[in-house]
Structure formats: structure tokens, C-alpha cells
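Asker: No letters, just coordinates:
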């Protein structure tokens, strides 16, 4: 596994360093967001090329991580192209650190995201070095991955259409998959990475559970659901009522007028 991990780390380092240099030229650190998905594709490609494990499992991981990462990266790229200026999070960091911001961003933004990518993708790099052939558990993992990709892709598409209609400005998206969970895209990511973990688990890499656990933390606490909902209530009419009737993460039938524990 050592060779695979080194190849993955080197590939991610080159990607993040290149993106950082581009951010200096553009004066926009938020270009790192679309790279998040593409970084996993880079890891999967490095694992496929450097790994010496079962060819079928390596190819399977390359395909499922590649499809997920490319979809996410392209979606975030399109969204970024329609945005004006740098994300407010990075604007605040830039103002706080002043002339030191370029070096601070290298470590706190690009370096940190690179490390997180490598940790989350441990199931990919570990399984690429195992000889076990693909079996029933890996198939179950692919099914879970497919469910996750559906929720993420469809949820993102539904939200994009909703936001594109000027009549919906300031309103709450509570249609389609968003009727059953307030965050179908985050739930989708959750399923994707637990599915990938099942593929690795079948090869004996049980300890790589750290990957999906970190992704779960990111999705539900650090940069996902919890962080988003701290401010969205003040920006969306009727969001408090939406919270009462709609599950916060796992898809469940809506309940009218009753608060749901999530």
C-alpha cells in the first residue's frame, strides 16, 4: 500500500499546489471548491496505476470514484463560473491575514483539503493493493454508491432548477427529494463513501473506516449540514417550518406540524 499512498499523495500535492498558484493569479481562493471532486479522481487514477492488487477491484474503484468525482467537480465548476467574486469565507480569511494570506491559504485551505482527500480516500488506496477478487460485499457497496449518486445528482439538479426561477428567490426548496430530506446531496455523498468503504472492506481493509467517518463528519458537522443551517434560516422564508416537517439528513416521509428529531 505504501507505493499507492505515495503516488496518491504526490498527485494530490501537485494538483493542490497548481490550484494554489492559479488562485494567486486570479486572486480567488474559492477555485479550490471545484477541485475537491477532481482530487478524488486523481487519487483513484494513481491507485489504479500504482496498485498491484486485483485488477477487477482497482478498475471498479477507478470507475465509481471517477464517475462521482467528475460529476461533482463539473457541477461545482459550472456553479463557480456563474458566481461573482470570491466566496465570503475566503474573503474574511483574506481580510484577517492581510499580506500573509497567500501562505496561510496554502496551508489552511489547499494543504488541509489535500490531507482530507487522502484520508477520506484511504479505502481506495488500501483496496488497490489487495489481491482479493470482487465479491458480494463489493457489489452491495456499488449498490449503496449508486443510491448515493442518485440522491446527490438528482438533488443538485432539482435545486439548480429551483434557483434558476426568479419567482423562487428567498424561498425554501421543498420539492422532489428535498421533500424527504433537507440535504439530499449530503446524504448522497454519505452513501457514496460508505459504499466505497464496503468495496475496500471486502479486501480486508477494515481500518479504512476512518475515511467514511471523516466524510460523515464533514457532511453533518464541519462544513456541511450544521454549518449551512446556522444562517440559512435568516435567508429563506419559511425555513423554520421546513425544518419541523422535514428530516435533517436521512430521507423520511414529511410530517406536518411536528418537529422531527434528526
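Answerer: All right, it came through fine. These numbers come from a predicted model, not from an experiment. Residues are numbered from 1 along each chain as shown.

Asker: Give me the nearest residue to residue 51, chain neighbours excluded.
Answerer: For residue 51, ignoring the flanking residues on the chain, the nearest one in space by Cβ to Cβ, 6 or more residues apart in numbering is residue 128 at 3.1 Å. Just so you know, the C-beta spots here come from the backbone N, C-alpha and C atoms, and that holds for glycine as well.

Asker: Now do the same contact list for that neighbour.
Answerer: Contacts for residue 128 (Cβ atoms under 8 Å, 6 or more residues apart in numbering) come out as 1, 4, 47-48, 50-51, 53, 57-58, 61.

Asker: make it 10 Å
Answerer: By Cβ atoms under 10 Å, 6 or more residues apart in numbering, the residues touching residue 128 are 1, 3-5, 7-8, 43-44, 46-54, 57-58, 61-62, 200, 203, 205.

Asker: hmm, which of those residues are the buried ones?
Answerer: Buried subset of the contacts of residue 128 (neighbour count, 16 or more other Cβ atoms under 10 Å): 1, 4-5, 7-8, 43-44, 46-48, 50-51, 53-54, 57-58, 61-62, 200, 203, 205.

Asker: Go through the residues you listed and flag which are in helices.
Answerer: With DSSP state H as the criterion, helices contain 4-5, 7-8, 43-44, 46-48, 50, 57-58, 61-62, 200 from among the buried ones among the contacts of residue 128.

Asker: Which of these sits closest to residue 161?
Answerer: The shortest gap between residue 161 and any of those belongs to residue 44, at 29.8 Å (Cβ to Cβ).

Asker: since we're on the residue nearest to the closest one when sequence neighbours are not counted, how many residues are nearby?
Answerer: Excluding its sequence neighbours, the residue lying closest to residue 44 (Cβ to Cβ, 6+ apart) is residue 65, at 3.8 Å. Using other Cβ atoms under 10 Å, residue 65 has 27 other residues around it.

Asker: try the one 4 residues further on
Answerer: The number of residues packed around residue 69, counting by other Cβ under 10 Å, is 23.

Asker: Touching, it and residue 37? I think so.
Answerer: Yes - counting by Cβ atoms under 10 Å, residue 37 is a contact partner of residue 69 at 4.4 Å.
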